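Enquirer: Sequence and predicted structure are below.
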Amino acid sequence: MAAPNEKWLYEKTKDSIFFINILPRHDKHGAINDLMKTANHVEEGKREEFLNGDGHCATGFVVENGPDLLKILTCAHVIEHVYSATDPVSTHDCNRVFITQVLCDHSELSFRRPGQNAHPQRVYAKGRIIGISCEDDLLLIQVPREDVVDLDEICMRNHPHLTFPSTQPAAFDVCAMVSWPPLRHRTAVIGRVSHTSRSFDDLGQENPVGYRMNLMEVRIGSELGSSGAPLVNGNGKVIGMLHGGFRDAFSYFLSLNDIMLFLAHRGVVVIRKFLLLLEP
Ligand SMILES: [Zn+2]
């Protein structure tokens, strides 16, 4: 494979990246506690911490860019306290007990512009959770286009949807990731695929939620808040989504097939391409 042009990949990806923050509704602590008790994998002491915190954040990316709505894919594990693979939570319950906030790339640039002092607080758009896989760590959020604001106006910039390749990634493929950990907008890294399918057992990793997916192993840096970021190949196509980085030097990604299955079931990607991918 030819060496990718990193700067081209960066330009092609950055406008599609969103910052996501999901926080408990103050008046729903009882309901959230009940969900955590049912899921039964968060220690009691840590349940309070989750309820009283400022929420958990992740990176997301646009998978559908309609005239009125944006659909953004991210990881579900920011709210994994309230589910397990065997006791999944519904999108209805998610929206009942959590507030979902998103920020676009352009609003962050404007917020940080030197001399900008008219807006001391970031203005988040309110999203609605429309899909969740508690087995595979995937979350789909919908945001009204007119709610995505750049300081005090609707953001007029494009938020293009990222697309998927028709071939599977392979070991040694060069890949890149742009993520948004808290306060670290546009964190860009490059790496190489190490292995396309590791199980949690292969990694000696505890799995209290009971996630059932295998993970693509990639030699690339990541950290808290990068979860949900897209991993793109040299053509700028999404080949994975960050789950986490629990080993030095490596990070672990949801596979292309799991992402495509999840989105296809929710009408987001073209079925024809999805079927091609499932062929051996
Ligand atoms: Zn924008």
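Expert: Sure thing, it's come through. Residues are numbered from 1 along each chain as shown.

Enquirer: Would you mind pointing out the helix or strand residue 211 falls in?
Expert: Using DSSP states H and E, residue 211 maps to neither a helix nor a strand.

Enquirer: what's around it, how many residues?
Expert: Neighbour count for residue 211, taken as other CB atoms under 10 Å: 22. C-beta coordinates here come from the backbone N, C-alpha and C atoms, glycine included.

Enquirer: which residues does it contact?
Expert: By CB atoms under 8 Å, 6 or more residues apart in numbering, the contact set of residue 211 is 85, 135-137, 200.

Enquirer: What mean pLDDT does stretch 38-57 get?
Expert: Averaged across stretch 38-57, pLDDT comes to 91.

Enquirer: Mind listing what's buried along it?
Expert: Neighbour-count burial for stretch 38-57, counted by 16 or more other CB atoms under 10 Å, picks out 39, 42, 47, 50-51, 55-57.

Enquirer: pLDDT score for the nearest residue to residue 89 once chain neighbours are set aside?
Expert: The shortest distance from residue 89 to any residue other than its chain neighbours is 4.1 Å, reached at residue 83 (CB to CB, 6 or more residues apart in numbering). At residue 83, the model reports a pLDDT of 98.

Enquirer: What is the burial count for residue 83?
Expert: For residue 83, the count of nearby residues is 26 (other CB under 10 Å).

Enquirer: quick one: the residue sitting furthest away from the middle of the chain from the ion, how far?
Expert: The centre of the chain is farthest from one residue, residue 115, which by CA atoms, centre = their mean lies 31.5 Å away. Remark: distance between residue 115 and the ion (CB to the ion, to the nearest Å) = 20 Å.

Enquirer: Could you say which helix or strand holds that residue?
Expert: If you go by DSSP H and E, residue 115 is not part of any helix or strand.

Enquirer: in the stretch 101-250 of the chain, which spans are strands?
Expert: Taking DSSP state E, counting those that start in this stretch as the criterion, the stretch 101-250 of the chain contains strands spanning 125-133, 138-144, 149-150, 153-154, 174-179, 187-198, 215-219, 230-232, 238-247, 250-255.

Enquirer: Go through the second one and flag the buried ones.
Expert: What that stands for is strand 138-144. Within strand 138-144, the residues that count as buried by 16+ other CB under 10 Å are 138-143.

Enquirer: quick one, it and strand 238-247 angle?
Expert: In terms of direction (axes from the mean of the first three to the mean of the last three CA atoms, to 10 degrees), strand 138-144 departs from strand 238-247 by 120 degrees.

Enquirer: quick one, helices of the chain?
Expert: Secondary structure of the chain by DSSP state H: the helices cover 6-14, 29-39, 44-52, 91-97, 105-112, 256-265, 271-278.

Enquirer: The fifth one close to the ion?
Expert: I take that to be helix 105-112. Yes - residues of helix 105-112 contacting the ion under CB under 5 Å from the ion: residue 106.

Enquirer: which one of the strands of the stretch 101-250 of the chain is the most hemmed in?
Expert: Ranked by mean neighbour count, the strands of the stretch 101-250 of the chain are led by strand 230-232 with a mean of 28 (mean count of other CB atoms under 10 Å).

Enquirer: Return the set of residues that bridge with the closest residue to residue 252 other than its chain neighbours.
Expert: Nearest non-adjacent residue to residue 252, counting by CB to CB, 6+ apart: residue 215, 4.0 Å away. Beta bridges link residue 215 to residue 198, residue 254 when assigned by DSSP bridges.

Enquirer: With that, I have no additional questions.
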